[in-house]
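> coordinates only, sequence not included:
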């Protein structure tokens, strides 16, 4: 025991510093830092380390062409010496639990591999190289105290699974023939493993008697480490090669989009070798007191409140949005720890702020390639939930946990960039790097055409159960798919249609604030339209209708497949002898109705959208059923993203998930009424007759769901039960709460859940 205690009290002190690659922080300022991760280390006991011990690290800070070097002192677990208080700013531990870049290269070179080996995904095709990579990973993990490993994968429809991932953690420890312990990890283990495919949502592609499924490493997503295990991001497929996860279709869509982009650019006289899909995700959430959460069966089981009277105060004063995060309560400390845990595994979670509703917050990372960003977002959500618990809180990631106030989204900022760094939605940069100013209007014509033709698929991709209560509620875009371009680009495209081939030059406006000492502001060409589901935001499109609980793989799979299809269609016509500009003009003119620059919340927009022939799909089950419409099955099949069997299976999985969520909610509502609301009414001397009738109506609705003979019928009945029966019964429950004395009401109220600042209080310090 003494030896174990001694080991626990050891600190690792880096002995060398090596440079790593530069990263942009998204604002034009970049930081190049040295790295102490994975370097040769010496060990000092905590007792011999002075309080001020630190490691000097030169950090290069640059803005444009100028910059400076700043020596940052890395405090070694300073917080441990201060009894848990916050220590000085530090890069201690940042990035060391992600096997990539300089961290990985040191271990790879020890095995005789070149630095940067992991940048070329072909290493997975060579078992000899894979064995050496496995040894390097094993040594890195053991140096950090990890003795277990797993393939980490993403089953379909896993929104209510903690972390939305699956894994089987295996020990590195084994024993030789003499019973002596040893650590073992091979390239074969790294590359592939087998598991059961029948126990995950699969839409009939697997069964108990045909259950085999396989996992294989994803070379584009770095291995990471948490606790005593390292996690190998993996793809999950069936015995016959069908995709059982979210990751394989996403990879397929990126590949087909990249190939179609190379083809189109070649036809436009521009040589590229590939196209990258970058995204940036804005993760919204609620933080609520853990004690109150445990007095809400609905939050525990279903993630949203199925009843609850609004308190006197909500978000009327707009006082929560981007307000100061209270340092006296637990939210700020939880958010700082969430960022710290993310930084350790290389997730640059750079933004934190309050959102519109009480107790609602947001995190956002930097942009990055879509596959890695999806993986990182799943870990962000898992870390948020786990860290919140350590601070007496619960994180609610569902889209609409509370009625009457804003719900949560996950804005999917989507962009495409050539391998040479030209952003397709940055017209000035694209024209400069390609040498062809006509590329931008051709690209925009393809995007607009895709939105018009496959808006129903975009709507399908956001058909989460939580979006039932969020879309079109004056807090999120309506359930109509269109795009906002703004007047500047719209006017440019109109001129383009009329034969004006003048390159697009974004206009800007100067804003003088009328105060001599204040700088003049430069505003971009376009305003922001928060009512559009897919607005152009300068260098990117922002899919604003995405739900907060989603794995966004399907969202981006749909977007990339649409782009591949439209790029290929234009290429086919050019290769057949048509003029590229003429093709773009004809395409744009045929589909310009998908552009809407007005108020998406306006009452006149829905009938106008229907007149234009846009995708107006109000319910989630109806949207999900667009997966198997023939034109959409053909789209996915032509681009080798989903085959018809996979389309049908995923539709079944999504419908079953929707129905299952509603069944849970109805069950919670019945139990809460029988065990809490009705007894409270009786205790207060009121008749519960109306409530008892409500319970019977809910039970009848649940019975209808169970007796329906198809997944489509079940989901459609569930939708009616949820949006009609449950809402009517909720009115009865909320009316009861309004008249029952507080001491007799046994369910945590919205007042208990939504006002951390008012409930938690502040610690008063006195001399």
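Alright, I've got the coordinates. Only a predicted model underlies this, so the values are computations on that prediction, with no experimental measurement involved. Numbers count the residues shown, from 1 in each chain.

> Give me the below-cutoff pLDDT ranges for the protein.
1-90, 473-474, 760-767 (pLDDT under 70).

> okay, which residue is most central for it?
Geometric centre of the chain, nearest residue: residue 377, 4.3 Å, by C-alpha atoms, centre = their mean.

> wait, it sits on residue 281?
Yes. Between residue 377 and residue 281 there is a contact under C-beta atoms under 8 Å: 5.1 Å. (C-beta placed from N, C-alpha, C; glycine too.)

> longest strand anywhere in this protein?
strand 275-289 (DSSP state E).

> list residues touching both of residue 377 and residue 281?
Here residue 377 and residue 281 have 365, 410, 552 as joint contacts, going by C-beta atoms under 8 Å, 6 or more residues apart in numbering.

> Could you look up the next helix or strand downstream of the helix or strand that residue 139 is a member of?
Using DSSP states H and E, residue 139 maps to helix 127-143. Going down the chain from helix 127-143, the next helix or strand is strand 148-152, by DSSP H and E.

> And that next one, what does it pack against?
Identification of packing neighbours for strand 148-152 by 3 or more C-beta pairs under 8 Å, 6 or more residues apart in numbering; DSSP states H and E yields strand 170-171, strand 229-238.

> so that strand versus helix 127-143, what angle?
120 degrees (axes from the mean of the first three to the mean of the last three C-alpha atoms, to 10 degrees).

> Pairing partners for strand 148-152, with directions?
Strand 148-152 has the following sheet partners, assigned by DSSP bridges: strand 170-171 (antiparallel), strand 229-238 (parallel).

> List the contacts of it.
Residues outside strand 148-152 that contact it (C-beta under 8 Å, 6+ apart): 141, 165-172, 185, 189, 193, 215, 217, 228-234.

> Okay, and the beta partners of the closest residue to residue 236 other than its chain neighbours?
Nearest in space to residue 236, with sequence neighbours left out and distances taken as C-beta to C-beta, 6 or more residues apart in numbering, is residue 245 at 3.7 Å. Residue 245 forms beta bridges with residue 155, as assigned by DSSP bridges.

> got a list of what residue 550 touches?
Per C-beta under 8 Å, 6+ apart, neighbours of residue 550: 159, 410, 462, 464.

> right, and the pair among these with maximum separation?
Pairwise distances across the contacts of residue 550 (C-beta to C-beta) peak at 12.4 Å, for the pair 159 and 462.

> These two: who's more crowded?
Comparing residue 159 with residue 462 by other C-beta atoms under 10 Å, the one with more neighbours is residue 462, at 30 against 20.

> that older thread, show me which of the contacts of strand 148-152 are buried.
141, 165-167, 172, 185, 189, 193, 215, 217, 229-234 (16 or more other C-beta atoms under 10 Å).

> Can you show me the strands along the stretch 201-350 of the chain?
212-217, 223-226, 229-238, 275-289 (DSSP state E, counting those that start in this stretch).

> gap between residue 441 and residue 189?
As judged by C-beta to C-beta, to the nearest Å, residue 441 and residue 189 stand 51 Å apart.

> Repeat that for residue 538.
On the measure of C-beta to C-beta, residue 538 and residue 189 end up 46 Å apart.

> what does residue 710 give?
Residue 710 is 42 Å from residue 189, by C-beta to C-beta.

> Show me the helices in the stretch 451-600 of the chain, by range?
All helices of the stretch 451-600 of the chain, identified by DSSP state H, counting those that start in this stretch, fall at 486-497, 553-575, 580-591.

> how about those helices, which one is nearest residue 115?
Closest among the helices of the stretch 451-600 of the chain, using C-beta to C-beta: helix 553-575, at 30.7 Å.

> Tell me the helices and strands packed up against the closest one.
helix 247-267, strand 275-289, helix 370-390, strand 410-418, helix 439-461, helix 580-591, helix 630-638.

> Specify the helix with the largest residue count in this structure.
Scanning the chain for the helix with the most residues, using DSSP state H, yields helix 644-672.

> Which residues belonging to the helix or strand that it is followed by are considered buried?
Sequence-wise, the next helix or strand downstream of helix 644-672 (DSSP H and E) is helix 678-683. Neighbour-count burial for helix 678-683 flags 678, 680, 681 (criterion: 16+ other C-beta under 10 Å).
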